[in-house]
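Peer 1: Kindly generate the corresponding structure for this input.
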Amino acid sequence: MIVGQTYVSSQIDTHYDAIVIGSGLGGLTTAALMAKAGKKVLVLERHYTAGGFTHSFKRRGYEWDVGVHYIGEVHNPNSPLRRVFDVITDGKLKWAKMDAVYDKIIIQDTQYNFVAGAARFKEELLQSFPHGAKQIDAYLQHIRAATNSLPVHLGKRYLPTRLQPLAGRFGGDYFSRTTLSVMADFIQDPKLASVLCGQWGDYGLPPAQSSFAMHAVVAQHYLGGASFPVGGASQIAHHIEPVIQRAGGAVVVGAEVEQIMVEGDRAKGVRMANGDEIWSQHVISAAGLHATYGKLLPDAVGTRLKLRERLSSLKPSVSHLGLYIGLHGSAKDLGLEQANKWVYQQYDHDASLRKFMAIPHADANTVGNIDFPLNYISFPSSKDPAWDSHYPGKSTIDVISLAPYEWFKRWADKPWKNRGADYDDFKAALSEKLLADVYQHAPQVRGKVDYFELSTPLSTAHFSNYAQGQVYGLEHTPERFAQSWVKPHTPIKGLYLTGQDILFCGVASAMMSGVMTATSVLGAASVKVLPEFLGDKGKWIGNLADKLPVVGRKPAADAGSAPKLAPPDPVQHSLVARCTEVLDLTADVKAFRFVDDAGHPMDYKPGQFVTLELEVEGKRVFRSYTMSSTPTNPAYFELTVKRVEGGAVSNWLCDHLQVGATLRMTGPHGKFTCAPKPRKKLLFLSAGSGVTPMLSMARWIRDQQQSEQPQNHHSNAGEHVDTDVVYFHCARTANDLIFGDEVQAMAAANPRFVQHVSLTRSTKQDRWKGLTCRPAAARFVLRPRELRWRAAVSKAFWILPSRRGCASPVPAARVTAVNARCAKYRAMPPWPTPMDWTPTRWKTAMCSPASAL
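Peer 2: Below is the predicted model of the structure:
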C-alpha cells in the first residue's frame, strides 16, 4: 500500500507549525500527536511511500512487510501501547492476536517454545530445564525491574547535569551492565541463559555486548503474547495520515531534505533537494542521529557545537539480509504457523557472531562455507486474517539474517538495480543458502516457492538512508545508554529528535519516542491530547484544556497558515475499487466506472485525480488519471482512458480491465478544481483526453445550477453557483469527441454554458461545418481581463493567436493549466500578445496551482 502524496512544490505551503523529516513511526507519532493538539505539521519522506520500517512493498502479486513481524501488549486495549496506537490512528487500526506460542528458539536442532503469560512461559521452559525454577523466577523479576526503571533512566536526562548521577541511583544499573553480566548473577545453567537470550536478533547484539535493559524491554514486551496489524504493517501509516491531514498538515513522499536551515542558534525550516525552502517554528528529525548531525545540519553548526565529535562514541547497529518469499498455496493449505523461528548454530551466541563477523570477504563462490549465526523465519500471511481476502491461494515467508556491510561495500557506489552481474550472483547464492534453511525448518514449502527477492545492506542504505545499512539505528550497548545527551531536545533551539535512536529499536519503542518528542515540543499544550489517552477518566482534563490557549501558537488570524476552504478537503486514502461499467467512447478511448469495494462513497472534488497501482508484465507501475465524473453523483466515479501508442498502462486497461475486476488506487489527489466556490467566468480549454478534468467540473457546475441547494459538501452551504462557462475543446476528428453528445446537450439546456469545438484533422467525410485548427480558441475569449482562465492542455496542444484573435493579452497570472502526462508543476510562460507570431508550447502540470480555481 502506498501512503502519502507525491511532493509537488506548488502544493506545499511555505510555513508550517512543525516539519518532521522522515516518516518512520517515531516521526508519524510525533506529527499525529501535534496534530491532535491543533498543530499544522508537514511530514517529509524521501521514499516513495511513508511508514519507514512499517511500510510494505509488492512484487509479482505478493506483499511483504519490511519491519513489522509481531508486536506485544497491543491485544490489551488498556495497555499504554494500545492507547497510543488508538490515539494516533483514531482507533481505526485493528489487531489480530497471535497463537500462544509466539517465538520458537531453535539451537542445534533443539526447540524451545516461548509461550504467552509469565506462568506458562516458566512452565514450558521447565520441561527442558526441570531444575531451573528459581533461575527462571529470578529472570522474570529482573526483566520486570529493568523495565520499571525505564522512566527513571529517561527522566533523569531532563534534569540538570549535576543531579543526573543522583537520579541514576534509583534506576539501578540495568542500563550500564551487559545482558551476560546481569544474568550471570542469578543463572547458573549456560544453556538456559542462551535460550532466554534467544530473541537477541530483535535488537541486534548478543549477551556479552547488549545492555541488559535493552534485552529486558524486548523480553517483557512479548511476555504477554504478540499481535499483528490486520491488513498488514502499512495500515499503521495509512490510518495515521488522515489525523495529520485533518489539522491542515500533510504526509509527503518523494521529498528529500537537503539541509536543516539554521539562523543563529535556532532551526528555521528545511531546504529541499530541489531548492525549495519551507519554514517552520519547529523542525523534528526522525532521520537518525548520524544523518541529522552528520548530514542535514550545516557544517559550521555541527563543528561549532561539536555534535559530530559526539557521534564518534556511537556505533551503528548490525546490518542484515532480508529474503522475501512468495508461495503457491494459502497458509492454511501449507500448514504455516504463526510462531516465529529463531535458528542458531550454537549456544554461545557471542562466539558464533564473532566468528561470523571476522570473515573479511564473501562472494558467490564462498557463501556455501559460511554459517550464519542466526536466521529468523517468519510467516506473516498466517498472522493476518485479512490476507486471504486480498491474496487468495498465496502466502509469504520472511527470512532475516545478519551480514557485514563490508561484504557489500565494493558495490556501494553502483546504482540500485544496476550493481553488476557479480553482485547479482552473490545475491543469488545468498538466497539459495537462506532457502535451504527454510526447507529444513518448513519442509512442506519445498516446490511451492513462486518468487523470492533478497535485500542487502545496500538496499537498506538506499531506502532508509542509513549509511551502512544498519537496521536498528545505534548499537544498544551500555556505552550508548550512558550518553545522556541523546534525547528529544538538541542544543539548537527549535530542533528536536525522534525515532529509535533516542529510545530503543523496534516498532513500539519508535512510537513511544514520538510520544516523548511530541510532549517535548508541545510543552503545556500536551494537556490537550491527554484526555484521549485517559478515556472517560480524562474528561475533566479535556474540559479544562478547552479553556486553555494552545501554548506557543499565535491566534488563528495571525497564524500565517494558508487559508482553508469552508468544507474540509477530501481525505486521501487507499482503496480497492471494483469496475461496474465499461463505456466505449471513441475508437481509442474508454470510460471505466468504479465503486469502492468496501462500500464507501468516493469523496472528491471535481477535477481531482486518483493514482492506480498495477502490475503490468511483472512490473509494479503507478499511473494517475483524472476523474471525469462529478461528486454530485455518488453512485460511481469514472476514469476516462485514452489508448496511447506504446503506453503500457493505458493499453493494459483498455485491453484487460473488465466489469467485476478490482484495482488498487489512492486518492483523491490534486488541487486543480473549481469547487467549492468557482469564479463567475470560467474558460475551460482542453484537447484530446485532457478534457477529463474540465468535463468533471462542467458536470459539477451543471448539477449545482440545476439544484436549489448544494448537492454535496464541496459546495458552499446556502449558496448557488453563479458561473458562466466557455467550454472549448479541440479534437482530431468528429469521431474523437469525448462525451460530445453530453456536452452538446449541456450547452443546449443552459444558455450560460457555451460550447466551441475545433477539429485538427477534419475531412470531407466528417461533414464538419465548424472550426478547424487550434488557434481558433483565441476568438472565443470573452472579456479576457475578467476571466479566470483554466486549461487542460495535452502535450501537443499549441496556441497561436492571430491579429484577429484576442484583442488584449491575457495576464499569465490568470492562467492555470493541467497536463495529464506531467506530474510536476512548472511556471506558466508569459501569454503572447496579438503581435507575437511565435507558437507557445505549454508544458504544465497535473494538479498545478496551490490556490483553488
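Peer 1: okay, CA-based contacts and neighbour counts for the rest of this
Peer 2: Will do.
Peer 1: Tell me the helix or strand right after the longest helix seen in the chain.
Peer 2: Taking residue count as the measure and DSSP state H as the definition, the longest helix of the chain comes out as helix 421-441. Downstream of helix 421-441, the first helix or strand assigned by DSSP states H and E is strand 449-455.
Peer 1: What is the longest helix of the chain packed up against?
Peer 2: Other elements packing on helix 421-441 under the criterion 3 or more CA pairs under 8 Å, 6 or more residues apart in numbering; DSSP states H and E are strand 449-455.
Peer 1: For the strand it packs on, what is the distance to the chain centroid?
Peer 2: For strand 449-455, the distance from its own C-alpha centre to the chain's C-alpha centre is 23 Å (CA atoms, centre = their mean, to the nearest Å).
Peer 1: Show me what secondary structure element comes after that strand.
Peer 2: Moving toward the C-terminus from strand 449-455, the next helix or strand (DSSP H and E) is helix 457-464.
Peer 1: Tell me which residues are up against that following helix.
Peer 2: The contact list for helix 457-464 (CA atoms under 8 Å, 6 or more residues apart in numbering) reads 47, 52, 319-321, 403-405, 408, 412, 416, 466-471.
Peer 1: I'd like to know which of those residues are buried.
Peer 2: 47, 52, 319-321, 403-405, 408, 412, 466-471 (16 or more other CA atoms under 10 Å).
Peer 1: Go through those and flag which are in strands.
Peer 2: Judged by DSSP state E, strands contain the following of those: His320, Leu321.
Peer 1: Pick the one among the buried ones among the contacts of helix 457-464 closest to Thr733.
Peer 2: The shortest distance between Thr733 and any of the buried ones among the contacts of helix 457-464, using CA to CA, involves His47 and amounts to 43.1 Å.
Peer 1: Mean confidence (pLDDT) on stretch 69-81, please.
Peer 2: Taken as a whole, stretch 69-81 carries a mean pLDDT of 95.
Peer 1: Same question for it: list its buried residues.
Peer 2: Neighbour-count burial for stretch 69-81 flags His69, Tyr70, Ile71, Gly72, Glu73, Val74, His75, Leu81 (criterion: 16+ other CA under 10 Å).
Peer 1: Repeat that for stretch 143-154.
Peer 2: Within stretch 143-154, the residues that qualify as buried by neighbour count (16+ other CA under 10 Å) are Ile143, Arg144, Ala145, Ala146, Thr147, Ser149, Leu150, His153, Leu154.
Peer 1: and the longest strand for this structure?
Peer 2: The strand spanning the most residues in the chain, taking DSSP E as the definition, is strand 573-586.
Peer 1: Name the residues of that one that are buried.
Peer 2: Neighbour-count burial for strand 573-586, counted by 16+ other CA under 10 Å, picks out His573, Ser574, Leu575, Val576, Ala577, Arg578, Cys579, Thr580, Val582, Leu585.
Peer 1: and it, what does it pack onto?
Peer 2: Contacts defined by 3+ CA pairs under 8 Å, 6+ apart place strand 573-586 against strand 589-596, strand 662-669.
Peer 1: Please name the strands paired to the last one in the sheet, noting orientation.
Peer 2: Pairing partners of strand 662-669, with direction, according to DSSP bridges: strand 573-586 (antiparallel), strand 609-616 (antiparallel).
Peer 1: can you list contacts of the first one?
Peer 2: Residues from elsewhere that reach strand 573-586, judged by CA under 8 Å, 6+ apart: 1-3, 238, 590-598, 657-668, 735-739.
Peer 1: next one: the shortest one
Peer 2: Under the contact criterion CA under 8 Å, 6+ apart, strand 609-616 has outside partners 60-61, 620-627, 648-649, 652, 663-670.
Peer 1: And those residues, which of them are buried?
Peer 2: 624-627, 649, 663-670.
Peer 1: Show me how far stretch 374-387 is from its chain's centre.
Peer 2: How far stretch 374-387 lies from its chain's middle: 21 Å, per CA atoms, centre = their mean.
Peer 1: should've said stretch 422-440
Peer 2: When C-alpha coordinates are averaged (CA atoms, centre = their mean), stretch 422-440 and its chain have centres 30 Å apart.
Peer 1: Then stretch 247-264?
Peer 2: 15 Å.
Peer 1: for it, what is the average pLDDT?
Peer 2: 94.
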